[in-house]
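# Predicted model and sequence follow; I will ask about them next.
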Amino acid sequence: MAFFVDLVVLFILSGVAKALYELWLRPLRVRRMMAQQGIRGPPPHFFYGNNREVAWMKKEAREKPMNNLSHAIFPTVMPHITAWTAMYGKNYLNWHGVEAQLVISDPELIKEVLLNKEKVFHKAPATGFMKKILGDGLVTSEGDKWVSMRKLANHAFHNECLKNMVPDMASSARMMLERWKDYEGREIEVFKDLTILTSEAISRTAFGSSYMEGRIIFEMLTKLSMLAAKNAFRVQIPLIGIIWKTADQAEADRLEEGIRHAVMQVIMKREEKVKAGDIDGLGNDFLGMLVEALHDTDKSKRITIDNIVDECKTFYIAGQETTNTTLAWTMFLLAVHPDWQEKARKEVFDIFGNEDPNADGIPRLRTVRNQFHYSFDAQI
């Protein structure tokens, strides 16, 4: 009995020692080591790090009205980075809970990290809510798996395939413009309609499905993204998530399962069409490439159902978000600068007249292309 009591006490003491090291000694050691290299940053609070400060600063920035129409919104979106780079320099140490994060804004260092010639910089593994959104897809994977999935994506979106997608994209845009005719003289929620446009275009071109089929996936991914944003700066006590889940975590589990089921339905529908002889082969779109890899006779090239689900989620959410945001921001800038509108409109009519845009004419849209580049750079 005494031995058992001693064992329990030893177990508790070892747990306390480990917690003390992770929560206090290790962060203190890292801060001193970085300070010796000239890297400083906001002092972390016990257990929460700088999370509460970041959340407060973002909340305060969002509540301030933007008095001028400008694309210089970085201080509003990332107020903590703006404040701390001004205080500690281009590179500083930030704490997400007990996790140290080196924030760099020096262009040369950023270039070195992105080039990663020595292969010493690795992607941070997706955890928590982000893991449910991106899984182990192209954005988060590395090594041979990344190379394999990148080859599939390149093959599905090479130049000739993109040209074949233009009619479907134009058709989706035409449907949106037809809806807008009913709103003449009234306000239009452009961002919402562009969300529908990009969602439909991705569903049709990458996955060969209708917007109605893809809408369910988009809606669940959007809800999951909102939960991720809501919990981005919350720190959870280790192991608690295994024993007890918050309402947001339970909802995220439900959404993750729902997304998987919806993607599986799209896959099964494609396979059933092939079996019934309605289509010849699995198709040359991204979904067809993924399903073909699922059944590859070469085991080294074969992927799993989980791989397909993760890649579908990645392209649905990443493709839709980036495209939708760029389109909305470009329209905002065009509204602020009507002279650019006229230049773009004249170029489009000069090249296409009253016809839909086509793959041959799009590369000739130099003014429009430059405007999109400017819009994208402004967001960065």
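Everything's here; your move. It should be emphasised that the depicted structure is a prediction, and the values quoted were computed from it without experimental measurement. Numbering: from 1, shown residues only.
# neighbours of residue 162, just the number please.
14 (other C-beta atoms under 10 Å). Just so you know, the C-beta spots here come from the backbone N, C-alpha and C atoms, and that holds for glycine as well.
# Tell me which residues of whichever helix or strand it is part of come out buried.
Assigned by DSSP states H and E, residue 162 belongs to helix 159-181. Across helix 159-181, burial judged by 16 or more other C-beta atoms under 10 Å covers 161, 165, 166, 169, 170, 172, 173, 176.
# Got phi/psi on the closest residue to the third one other than its chain neighbours?
Spelled out, it's residue 166. Nearest residue to residue 166 in three dimensions, chain neighbours excluded: residue 359, at 4.7 Å (C-beta to C-beta, 6 or more residues apart in numbering). Main-chain torsions, residue 359, degrees, to the nearest 10: phi -60, psi -30.
# who's in contact with residue 359?
162, 163, 164, 166 (C-beta atoms under 8 Å, 6 or more residues apart in numbering).
# Next one, pLDDT for it please.
pLDDT for residue 359: 89.
# Could you measure from it over to residue 112?
The gap separating residue 359 from residue 112 is 38 Å, by C-beta to C-beta, to the nearest Å.
# ok, now residue 193?
From residue 193 to residue 112 the distance is 41 Å (C-beta to C-beta).
# Could you do residue 341 as well?
40 Å.
# and if you look at residue 274?
Per C-beta to C-beta, residue 274 is found 47 Å from residue 112.
# Counting by contacts, list what whatever helix or strand residue 309 lives in packs against.
Following DSSP H and E, one finds residue 309 within helix 305-314. For helix 305-314, the contact count by 3 or more C-beta pairs under 8 Å, 6 or more residues apart in numbering; DSSP states H and E identifies helix 128-134, helix 143-156, helix 211-230, helix 247-276, helix 286-294 as packing neighbours.
# pLDDT score assigned to residue 374?
As predicted, residue 374 sits at a pLDDT of 63.
# where's the dip in pLDDT among the buried residues of helix 159-181?
Within the buried residues of helix 159-181, pLDDT is lowest for residue 161, at 81.
# For it, give me its contacts.
Residue 161 neighbours (C-beta under 8 Å, 6+ apart): 284, 285.
# sorry, back to before: what is the nearest of the contacts of residue 359 to residue 142?
Of all the contacts of residue 359, residue 142 sits closest to residue 162, with 26.3 Å by C-beta to C-beta.
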